[in-house]
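Enquirer: let's see this in three dimensions:
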Amino acid sequence: MLTLPSFNPLIIVLATLLVTSCTLIHPVDDRGFYLDNGIHSHTKTPYDSAGYDQEGFDNLGWNQSGWNRDHLHRMTGTYFDSAGYDHAGFDQTGYNRDGYDRLGFDKTGWNKQGWDRHKNSRDTGTHFNTYGYDIFGFDRQGYDIHGYDRCGYNRRGYNKRGDNPEIQSPSDAYTNPLATQLNRINANDQQYDKNGYDQDGYDQYGYDHWGYDRNGYDESDSTKDVYNNRGYSRYGEEIKGYDSEGYDQFCYDEEGYSRDGYDDEGYDRNGYDRDGYDRRGYDSAGKTRSIK
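Expert: Okay, here's the model as predicted:
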């Protein structure tokens, strides 16, 4: 009669712990490379079975798509492949195959969600869409569709975990500074009630429960005049949304440049980034970043 060998359960447990501990001591990424030294766990070399290192390049410095670390293409020797696109998939004009630039805007200036570079909605021409939310998903009072503000608190002062910074901690009995910021109106030091309204019935943005401000204006109603005799709104913006210096509430001018002179992609009016290189990677002298 054939007798099967017996296994000590303790040995099995110890072996399992040994394998687990090795994995914990030397963790690998999703491609099998050790995170601490870049060696592949199976080939025991800097390259996987397909011949590519942890960064995805072979021993000659090319990746599977034919690009090297300087973003030059193997077939063309330039920053663009034979189809005219760079390593990130954008052509020389800065648009991808779907017609969108690196920030997601098409040549007419709109993204897929219907917002332009100035954060205006295509449907309304304002910073708020037809549902009353801005490009970041917050309404005019600063709350998202779930009722939470940018700090994660609702009108009653509670966050999603049910914490209220307005309530003192039982351990050290101090008031969270955030509560002061959320529950007082600027210099007036006006307290809000649990629904987010002051003693006159207005929230921290100056609107009442029906959406009207202290002067009776409702900016969501285009039939009302919400600009003063100088042509500026209460926020200091003229009818197109720009202040007296020509910048909108996000500090961009009408051409899309910020106060420091750079657009959303980090290029100035002459097409150079903060390091002095254009979108193709050349400086004003025609040299690339790798050539000094």
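Enquirer: secondary structure element holding the closest residue to residue 58 other than its chain neighbours?
Expert: Nearest residue to residue 58, sequence neighbours excluded (C-beta to C-beta, 6 or more residues apart in numbering): residue 51, at 5.1 Å. Bear in mind the C-beta positions are built from the backbone N, C-alpha and C, glycine included. For residue 51, there is no host helix or strand (DSSP states H and E).
Enquirer: for residue 62, see how far away residue 51 is.
Expert: Applying C-beta to C-beta, to the nearest Å, the value for residue 51 to residue 62 is 10 Å.
Enquirer: neighbour count winner among these two?
Expert: Between residue 51 and residue 62, counted using other C-beta atoms under 10 Å, residue 62 has the larger neighbour count: 17 against 13.
Enquirer: which residues in the stretch 101-250 of the chain form helices?
Expert: Counting by DSSP state H, counting those that start in this stretch, the stretch 101-250 of the chain has helices at residues 177-182.
Enquirer: so where's the protein shaky on pLDDT?
Expert: 1-25, 161-194, 204-206, 210-244, 248-251, 288-292 (pLDDT under 70).
Enquirer: show me what contacts the closest residue in space to residue 152 that isn't next to it in sequence?
Expert: In space, and not counting its chain neighbours, residue 152 is closest to residue 159: 4.7 Å by C-beta to C-beta, 6+ apart. Residue 159 makes contact with 148, 152-153 under the criterion C-beta atoms under 8 Å, 6 or more residues apart in numbering.
Enquirer: so what's residue 159 bridging to?
Expert: Note on residue 159: beta-bridge partners residue 153, judged by DSSP bridges.
Enquirer: give me the distance between it and residue 261.
Expert: For residue 159, the distance to residue 261 - C-beta to C-beta - is 38 Å.
Enquirer: which among the contacts of residue 159 count as buried?
Expert: 148, 153 (16 or more other C-beta atoms under 10 Å).
Enquirer: in this structure residue 252 contacts residue 117, no?
Expert: Yes. Counting by C-beta atoms under 8 Å, residue 252 touches residue 117, with 7.4 Å between them.
Enquirer: hey, what's in contact with both of the two?
Expert: Joint contacts of residue 252 and residue 117 (C-beta under 8 Å, 6+ apart) are residue 264.
Enquirer: tell me which of the two has more neighbours.
Expert: residue 252 (21 against 18).
Enquirer: ok, for the more buried one, nearest residue in space, not its chain neighbours?
Expert: Distances taken as C-beta to C-beta, 6+ apart place residue 258 nearest to residue 252, at 5.4 Å, with adjacent residues excluded.
Enquirer: neighbours around that neighbour, how many?
Expert: 14.
Enquirer: begin at 671 from now on, thanks
Expert: All set: I'll call the first residue 671, so the last point we hit is now residue 928.
Enquirer: and residue 706, how many neighbours?
Expert: Neighbours of residue 706 (other C-beta under 10 Å): 10.
Enquirer: same question for the one 10 residues further on.
Expert: When counting by other C-beta under 10 Å, one arrives at 15 neighbours for residue 716.
Enquirer: check contacts around the closest residue in space to it that isn't next to it in sequence.
Expert: Leaving out its chain neighbours, the residue that sits closest to residue 716 by C-beta to C-beta, 6+ apart is residue 723, at 5.1 Å. If you count contacts by C-beta under 8 Å, 6+ apart, residue 723 has them with 703, 708, 716-717.
Enquirer: show me which of those residues is closest to residue 776.
Expert: Nearest to residue 776 among the contacts of residue 723 is residue 703, at 38.4 Å by C-beta to C-beta.
Enquirer: residues near that closest one, how many?
Expert: 23.
Enquirer: so what's it up against?
Expert: 709-711, 718, 723-724.
Enquirer: so can I have TSV of the residues you listed showing secondary structure?
Expert: Shown next, in TSV, are those (DSSP: H, G, I helix; E, B strand; the rest coil):
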residue	secondary structure
709	coil
710	strand
711	coil
718	coil
723	coil
724	coil
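Enquirer: which two in the residues you listed are spaced the farthest apart?
Expert: Between any two of these (C-beta to C-beta), the greatest distance is 13.5 Å, for 711 and 723.
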